[in-house]
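Student: A predicted structure for the sequence below; I have some questions about it.
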Amino acid sequence: MDNKDVKMELILNGIISPEEKLNVRFKKKIEKRNDLIFLIKEITSYLEYDATIRERIQCIIQEITHQPKCSFCGKVLKMRLSGKYVNTFPKTCGSKCFSKDIRVKEKRKKTNLKKYGSKNYLASERGKLTTRNTLIEKYNVTNPAFIKGNFEKRLQTQPEKTKIVQITKKEGAVFFENTHVQGHIVANIYYGLVFNNILIACMSFKKIKKQWKVIQYSTSLNADVVNGDSKLLKHFLKIKKPKLDIFYSGKNWQD
Ligand SMILES: [Zn+2]
């Protein structure tokens, strides 16, 4: 008998509902059924702690076949019996291992990155070089965001998946040179909107006579950027908190 057979047996006996939920009165139903109790214990004998019948039935429902262990230290884990994650096993034995585990994973990621460049070919150095060469050859640009009129390959940005980052003056200069009719105008602060690791919009700010001013805003030529300007402006206001009378927006950007 395997896990599926036992599950079916428990469904037929009304201990698990056809929707695979544990019957709240399962204890009463199972009381005099030593055969079922034996079956449940037998199929979940991989559990290395003194689990209750309820926990064992949950394991059968979830088709768990191995004793879950802390992914950092290997300690035997017990099923959660209450809370948001009731009836599931945690990934680690506690907060100490949780944070250590995250650190180890981060380290592994970094090592992989060092060793192999990246799992993703396009993101690897070699892949990037190939992409770059193709872009220069075909479109005379180095960033796909700068391809003009490439409507077929327009980036369908999902606004909720964009990230606001502060970018350097150099990065801002390259972006505006490629996307803004006026080219780049020097500013003090540059905020960018990033989607899939590609800079798709940029806004720059400059302090002139104690007043902050929006200098430039533009979007990548082949991306639909929804509300990028208001997002970046709001971010600036949140971070810099200029008093309203010392901030004015020139509104001299193109979109
Ligand atoms: Zn642990």
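Tutor: It's in. Numbers count the residues shown, from 1 in each chain.

Student: in this protein, what secondary structure element scores lowest on mean pLDDT?
Tutor: Lowest on mean pLDDT, DSSP states H and E among the helices and strands of the chain sits strand 247-249, with a mean of 59.

Student: Any idea what the residue in the stretch 151-255 of the chain that the ion sits nearest to is bridged to?
Tutor: Closest contact between the stretch 151-255 of the chain and the ion, by C-beta to the ion, is at Lys163 (32.2 Å). Every C-beta, even on glycine, is put in place using the N, C-alpha and C of the backbone. With DSSP bridges applied, Lys163 shows beta-bridge pairing to Val194.

Student: Isn't it up against Val194?
Tutor: Yes - using C-beta atoms under 8 Å, Lys163 is in contact with Val194, at 4.7 Å.

Student: Of these two, which one has the most company?
Tutor: Val194 (16 against 10; other C-beta atoms under 10 Å).

Student: Roughly how far does Arg54 sit from His66?
Tutor: Per C-beta to C-beta, to the nearest Å, Arg54 is found 19 Å from His66.

Student: higher neighbour count, those two?
Tutor: Arg54 (15 against 9).

Student: which parts of the chain sit against the ion?
Tutor: 70, 72-73, 75, 93, 97 (C-beta under 5 Å from the ion).

Student: how about the helices in the protein?
Tutor: 3-12, 26-30, 34-43, 53-61, 95-116, 125-139, 169-179, 228-240 (DSSP state H).

Student: Buried members of the residues of the chain next to the ion into ChimeraX, please.
Tutor: Of the residues of the chain next to the ion, the buried ones can be selected in ChimeraX as follows, counting by 16 or more other C-beta atoms under 10 Å:
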select :70,72,93,97
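
Student: thinking Ile215 is in contact with His184, fair?
Tutor: No - the pair Ile215 / His184 is not scored as a contact, 9.6 Å apart, by C-beta under 8 Å.
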